[in-house]
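**Q** got a sequence here, can you model it:
(chains A and B)
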Number of protein chains: 2
Amino acid sequence: MSESLHILITGAAGMIGQKLIARLTREPRLGGKPIERLTLVDVVEPAAPNNTPFKVTSRTGDLSLPGEASAAVADSPQYVFHLAGVVSGEAETDFEKGYRVNIDGTRFLFEAIRSREGYKPRVVFTSSAAVYGGPFDGPVTDDFQLTPHSSYGVAKAIGEQWLADYSRRGFFDGVGIRLPAITVRPGKPNKAASGFFSSIIREPLAGQNAMLPISEDTLHSHASPRAAVNYLLHAATLDTSGLDQRPNLMMPAVACTIAEQIEALRKAGGDAAVARIRRVRDTLIERIVSGWPHQFEAKRALALGFVPDKSFDEIVAIHIEDELGGKAAA
Amino acid sequence: MSESLHILITGAAGMIGQKLIARLTREPRLGGKPIERLTLVDVVEPAAPNNTPFKVTSRTGDLSLPGEASAAVADSPQYVFHLAGVVSGEAETDFEKGYRVNIDGTRFLFEAIRSREGYKPRVVFTSSAAVYGGPFDGPVTDDFQLTPHSSYGVAKAIGEQWLADYSRRGFFDGVGIRLPAITVRPGKPNKAASGFFSSIIREPLAGQNAMLPISEDTLHSHASPRAAVNYLLHAATLDTSGLDQRPNLMMPAVACTIAEQIEALRKAGGDAAVARIRRVRDTLIERIVSGWPHQFEAKRALALGFVPDKSFDEIVAIHIEDELGGKAAA
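**A** Reported below is the predicted structural model:
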């Protein structure tokens, strides 16, 4: 019996969701089977490409409101990519909204799956390096403690616990992936404290100035949007039998200093691009960034076949290829 | 202005709750102030001693039901001991009840506190060594990962995350204490997989036989009920400013083999008591116990002044003093 392949993506209007949809549209198979249907859910209408090789259903809905999660899984999609969530800044400024969307929304989705008789999908949950809060002493290892310093990180740590318990009990087959900083993030500059890691590459390559608020010696870890989508797809098809009741995995990342990021920019865009970086020290951003983990030793994920970007040069090349049509500003 | 000292205990009908109440009745002060009022909450009417030197209010209620948590904190008790919960065996066999009581009940209590304007009590939350699920390689250290192998452990790990976040945001001032096995547990033998650690001491000292289902070489860690109450009281009055956003602490414990437990029994009750232990191998219990952490390196708690029992001899002596009126069976 060939079962029609149906995929659900929550948070489908977000950057990673959109990248995943574009990828599935170009390569419409998962686990060796053709995709026949995609259901997209987000609080705003998720954009879907025209001419997809499969049926697309878009739902506007908030998983933390009654009935929405059940409706999202009503047709028993075999794969659930749970990307939905309020971002870290908003989860910190609006405590109630953050808890409702990030904690209750995840619980309701998991409960909606559990309550469907005979239904056991693969669930891929995007967690985050925000689950780590230190103190840090060297790279974060796979068994590093989770002491988040933000309500966003707390919600991710709680979602991970539920994912592990629901998987252990056989309610679904879950994999949680802790994403590092996604660089180069496409789009406009934003006010996120981490924004400059992307904007010092993105803006100069588009012929615009960017601000660098902290020291070039700072080490940080990155994955390209393309690598993040690869992680999602690998998590969806991974053999979970070897996860040993620990289905939440830190993803590998490229660790480099800001100086190394700038050298990668120079190789791609020349001295002219580098000259577009303005150094404007910001002690608040300095303090926030210094509280983040900067390097990860993602041994388990590497052993399980998750493939990171090769270098920051490659991360820049991916940005130019995927966002700039292969061409940086002179 | 002298504020009237009011303490709330949830799960007050349980063993630890009852021990705490008895202790506060004997020593009716906390943080250097006389206790004027105790509010007890449990799903069954909590027993309260007669002639307490303070007012006692008993509430029968389930914190996971609407309004109960708000009612429990309605008079703004300055100290909240949150002991309520479904035990590990029941949380595993009745998934929905375990999640409702252990997860929702804790969230509702924390939310009830947050929603009271100007109210910021000390909250002491009893977590458990069940938050640890291995793999283990030597003693569990303070920064050991939390990968519980039970829904009970998952609920405790989630409660810890909330406790840390609510404390970080200033909604209350929380301390979570991870209790080890409580030995010698008073009362009748029960079917808990860990039951024999207590019953091989308790039954022989009462002139009755006990069964030992696993090898005497097995190492395990214990705290007496009296030590557990000391931990609760110390957590209530601890200076939390040095917790560095990590308010959840593994408690110290006495690590010893079952053979060492038996030698402590011999010292207290003689060869006659030891002869009452029947060795009946149980491979299921063997397997369950082998999945538990056996030893803890509770450096942070020790540095913060939590005082464990001195030895298993002392644990046996406490049982004889507190439960047997100072006299073991001959």
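**Q** on the three-state scheme, A:Phe196 is what?
**A** Secondary structure for A:Phe196, judged by DSSP: H, G, I helix; E, B strand; the rest coil, is helix.
**Q** surely A:Ile285 forms part of a strand?
**A** No - according to three-state DSSP, the state of A:Ile285 is helix, so it is not within a strand.
**Q** quick check: it vs chain B, distance?
**A** Distance, A:Ile285 to chain B, by Cβ to the nearest Cβ, to the nearest Å: 20 Å. C-betas here are computed from N, CA, C, even on glycine.
**Q** what does A:Leu20 give?
**A** 28 Å.
**Q** against which helices or strands is the helix or strand that residue falls within packed?
**A** Secondary structure from DSSP states H and E places A:Leu20 in helix A:15-26. Judged by 3 or more Cβ pairs under 8 Å, 6 or more residues apart in numbering or on different chains; DSSP states H and E, the packing partners of helix A:15-26 are strand A:5-10, strand A:33-42, helix A:225-237.
**Q** change it to 7 Å
**A** Helix A:15-26 is packed against strand A:5-10, helix A:225-237, with contacts defined by 3 or more Cβ pairs under 7 Å, 6 or more residues apart in numbering or on different chains; DSSP states H and E.
**Q** can I get these in JSON lines with mean pLDDT, distance to A:Ile258 and mean neighbour count?
**A** As requested, those are exported to JSON lines (pLDDT from 0 to 100; distance: least, Cβ to Cβ, whole Å; neighbours: other Cβ atoms under 10 Å in any protein chain shown):
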{"stretch": "strand A:5-10", "mean pLDDT": "98", "distance to A:Ile258": "33", "mean neighbour count": "25"}
{"stretch": "helix A:225-237", "mean pLDDT": "98", "distance to A:Ile258": "19", "mean neighbour count": "21"}
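**Q** how about a markdown table for these, with distance to A:Phe54 added?
**A** Converted to a markdown table, those look like this (distance: least, Cβ to Cβ, whole Å):
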| stretch | distance to A:Phe54 |
| --- | --- |
| strand A:5-10 | 8 |
| helix A:225-237 | 15 |
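**Q** quick one, which of the ones you listed gets closest to chain B.
**A** Distance to chain B, taken as Cβ to the nearest Cβ, is lowest for helix A:225-237 among the helices and strands packed on helix A:15-26, at 17.9 Å.
**Q** and the strands in the stretch 201-330 of chain A?
**A** With DSSP state E, counting those that start in this stretch as the criterion, the stretch 201-330 of chain A has strands at A:210-212, A:219-223, A:248-250, A:254-257, A:277-279, A:296-297.
**Q** do you know which of the ones you listed lies nearest chain B?
**A** Among the strands of the stretch 201-330 of chain A, the nearest to chain B by Cβ to the nearest Cβ is strand A:248-250 (8.4 Å).
**Q** what is that closest one packed up against?
**A** Identification of packing neighbours for strand A:248-250 by 3+ Cβ pairs under 7 Å, 6+ apart yields helix A:151-168, strand A:173-179, helix A:299-303.
**Q** what's the neighbour count on the closest residue in space to A:Pro189 that isn't next to it in sequence?
**A** Computed as Cβ to Cβ, 6 or more residues apart in numbering or on different chains, the closest residue to A:Pro189 that is not its neighbour in sequence is A:Ser199, at 4.8 Å. Using other Cβ atoms under 10 Å in any protein chain shown, A:Ser199 has 25 neighbouring residues.
**Q** can you check A:Gly291 too?
**A** Counted by other Cβ under 10 Å, the residues lying close to A:Gly291 total 15.
**Q** next up, phi/psi of it, please.
**A** Dihedral angles of A:Gly291 (phi, psi; degrees, to the nearest 10) stand at phi -90, psi 0.
**Q** which ones are touching the closest residue to it other than its chain neighbours?
**A** Nearest residue to A:Gly291, sequence neighbours excluded (Cβ to Cβ, 6+ apart): A:His149, at 6.1 Å. Going by Cβ atoms under 7 Å, 6 or more residues apart in numbering or on different chains, A:His149 touches A:Gly133, A:Gly291, B:Gln245.
**Q** repeat that with 8 Å
**A** Applying Cβ atoms under 8 Å, 6 or more residues apart in numbering or on different chains to A:His149 gives the contacts A:Gly133, A:Gly134, A:Gly291, B:Arg168, B:Gln245.
**Q** how about the residues of the stretch 101-250 of chain A near chain B?
**A** By the rule Cβ under 8 Å from any Cβ of the partner chain, the part of the stretch 101-250 of chain A lying against chain B is A:133, A:135, A:143-149, A:151, A:154, A:157-158, A:161-162, A:164-165, A:168-169, A:244-246.
**Q** how about a cut-off of 7 Å?
**A** When proximity is defined by Cβ under 7 Å from any Cβ of the partner chain, the stretch 101-250 of chain A lies next to chain B at A:133, A:143-147, A:149, A:151, A:154, A:157-158, A:161, A:164-165, A:169, A:245-246.
**Q** buried among these? Make that a ChimeraX selection.
**A** Command for ChimeraX that selects the buried part of those, burial taken from 16 or more other Cβ atoms under 10 Å in any protein chain shown:
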select /A:133,143,144,145,146,147,149,151,154,157,158,161,164,165,246
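**Q** where are the low-confidence patches of chain A?
**A** Residues of chain A that meet the criterion pLDDT under 70 lie in A:1-2, A:330.
**Q** find the residue at the geometric middle of it.
**A** Nearest to the geometric centre of chain A sits A:Leu179, at 5.1 Å (Cα atoms, centre = their mean).
**Q** wait, what's in contact with it?
**A** Neighbours of A:Leu179 in contact, by Cβ under 7 Å, 6+ apart: A:Thr126, A:Ser128, A:Ala129, A:Ala223, A:Ala228, A:Met251.
**Q** so it versus A:Ala235, what's the distance?
**A** The gap separating A:Leu179 from A:Ala235 is 11 Å, by Cβ to Cβ, to the nearest Å.
**Q** over to A:Ser194?
**A** Separation of A:Ser194 from A:Ala235 (Cβ to Cβ): 23 Å.
**Q** what of A:Ile201?
**A** From A:Ile201 to A:Ala235 the distance is 26 Å (Cβ to Cβ).
**Q** okay, stretch A:168-188 in PDB with CA atoms only?
**A** Only the C-alpha atoms of stretch A:168-188 are listed here, as PDB (Å, rounded to 0.1, in the frame of the first residue of the first chain):
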ATOM      1  CA  ARG A 168       9.800   7.700  24.700                       C
ATOM      2  CA  ARG A 169       6.200   6.800  25.200                       C
ATOM      3  CA  GLY A 170       5.600   6.100  21.500                       C
ATOM      4  CA  PHE A 171       3.100   9.000  20.900                       C
ATOM      5  CA  PHE A 172       5.200  10.200  18.000                       C
ATOM      6  CA  ASP A 173       8.700   9.800  16.700                       C
ATOM      7  CA  GLY A 174      10.500  13.000  17.500                       C
ATOM      8  CA  VAL A 175      13.800  14.700  16.700                       C
ATOM      9  CA  GLY A 176      14.700  18.100  18.200                       C
ATOM     10  CA  ILE A 177      17.400  20.100  16.600                       C
ATOM     11  CA  ARG A 178      19.200  23.000  18.400                       C
ATOM     12  CA  LEU A 179      19.900  25.600  15.700                       C
ATOM     13  CA  PRO A 180      22.900  27.900  16.100                       C
ATOM     14  CA  ALA A 181      22.900  31.500  14.700                       C
ATOM     15  CA  ILE A 182      21.600  31.400  11.200                       C
ATOM     16  CA  THR A 183      24.000  33.500   9.000                       C
ATOM     17  CA  VAL A 184      23.700  35.100   6.500                       C
ATOM     18  CA  ARG A 185      20.100  35.800   7.400                       C
ATOM     19  CA  PRO A 186      18.300  37.300   4.400                       C
ATOM     20  CA  GLY A 187      16.100  40.400   4.600                       C
ATOM     21  CA  LYS A 188      16.400  43.800   6.200                       C
END
